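Asks: 3D, please:
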Amino acid sequence: MRILLVEDEEILGKQIVSRLKSEGFLVEWADRGIEGSYLLEEEKFDLAILDLQLPELDGLAILQRARSRGIRTPVLILTTRNLVKNRVEGLETGADDYLGKPFEYRELLARVRALIRRTQSSAQSILQEGDLVMDLNRRSVSRAEKEITLSTREYNLLEALLLQKGKVLTRQELLEKIYDLHFDCDSNVLDVYISYLRRKVDRPFAKTLIHTVRGTGYILESRG
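Replies: Reported below is the predicted structural model:
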């Protein structure tokens with residue numbers, strides 16, 4: 001599990017990172033608001049822990065920006081602003097939980113685990129981009145309400161693209177999704193399966209979703 005910590009107090013930040021790592025979490029630590037905001041919006045985390053009083057950009061502004069951009073990463077706020085009105089403001093802005101300073105690390109860890117469990121248990125079983133829909137529970141795919149039959153490798157390839165829609169995936173990353181092993185990046189097997197996928201997912205429809213990024217790989221996104 002990967003956690004983003006945005007905290008400008010050096011001693012506290014080091015202690016939190018140490019405790020979380022000792023529990024097996026991977027932790028990315030930013031001590032400035034702008035850096036924390038960038039990481040939250042550009043990288044994938046299972047949880048973000050935000051201090052409110054930060055240099056450059058405060059925690060509420062980070063949270064508000066992320067939510068306005070559709071970032072649904074669970075957020076735990078840490079702060080000395082522990083009045084009811086402060087907690088309400090944070091929760092209404094989009095925070096998932098609130099922990100006042102000072103705190104015991106046992107409680108911090110308990111809240112971290114609870115938020116991650118809650119997110120995992122409610123994980124979305126439907127992946128969608130425009131009129132393209134993948135139901136992970138039924139292992140079915142449709143576009144414009146028309147069922148599309150895919151082979152296992154085609155399905156795995158489309159799932160990888162949908163899970164990170166809007167992000168360029170390299171050829172190697174996609175090959176590993178198809179075969180679950182290392183493959184020669186010069187192999188044309190990926191191009192073959194992309195061609196199969198486009199024939200079923202893109203060509204019968206007006207809008208293209210799977211795009212080539214020359215020299216890098218592929219991206220699935222709606223354009224125009």
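Asks: now the residue nearest to Gly36 when sequence neighbours are not counted: how far from Thr79?
Replies: Nearest residue to Gly36 in three dimensions, chain neighbours excluded: Val6, at 3.3 Å (C-beta to C-beta, 6 or more residues apart in numbering). All C-beta spots, glycine's among them, are computed from the backbone N, C-alpha and C. The spacing between Val6 and Thr79, counted by C-beta to C-beta, to the nearest Å, is 12 Å.
Asks: overlap in contacts of the two?
Replies: 51, 59 (C-beta atoms under 8 Å, 6 or more residues apart in numbering).
Asks: check which helices and strands the lengthiest helix in the chain sits against.
Replies: Longest among the helix segments of the chain by residue count, using DSSP state H, is helix 105-121. Applying 3 or more C-beta pairs under 8 Å, 6 or more residues apart in numbering; DSSP states H and E, one finds that helix 105-121 contacts helix 10-22, strand 47-51, strand 75-79, strand 97-100.
Asks: can you say which of these is packed in most?
Replies: Greatest average neighbour count among the helices and strands packed on helix 105-121 goes to strand 47-51 (a mean of 26), per mean count of other C-beta atoms under 10 Å.
Asks: neighbouring contacts of that strand?
Replies: 1, 3-9, 16, 36, 40, 59, 62-63, 73-79, 95, 112, 115-116, 119.
Asks: phi, psi for the residue nearest the centre of the chain please.
Replies: For the chain, Lys44 is the residue whose C-alpha lies nearest the centre (C-alpha atoms, centre = their mean; 3.7 Å). Here is the backbone geometry of Lys44 (degrees, to the nearest 10): phi -100, psi 130.
Asks: what sits against it?
Replies: Lys44 neighbours (C-beta under 8 Å, 6+ apart): 2, 73.
Asks: ok, it to Gly24 distance?
Replies: From Lys44 over to Gly24 (counting by C-beta to C-beta), the distance is 18 Å.
Asks: with Leu127 instead?
Replies: From Leu127 to Gly24 the distance is 28 Å (C-beta to C-beta).
Asks: can you check Glu145 too?
Replies: In terms of C-beta to C-beta, Glu145 sits 43 Å off from Gly24.
Asks: so the longest helix of the chain versus strand 47-51, what angle?
Replies: Calculated by axes from the mean of the first three to the mean of the last three C-alpha atoms, to 10 degrees, helix 105-121 forms an angle of 140 degrees with strand 47-51.
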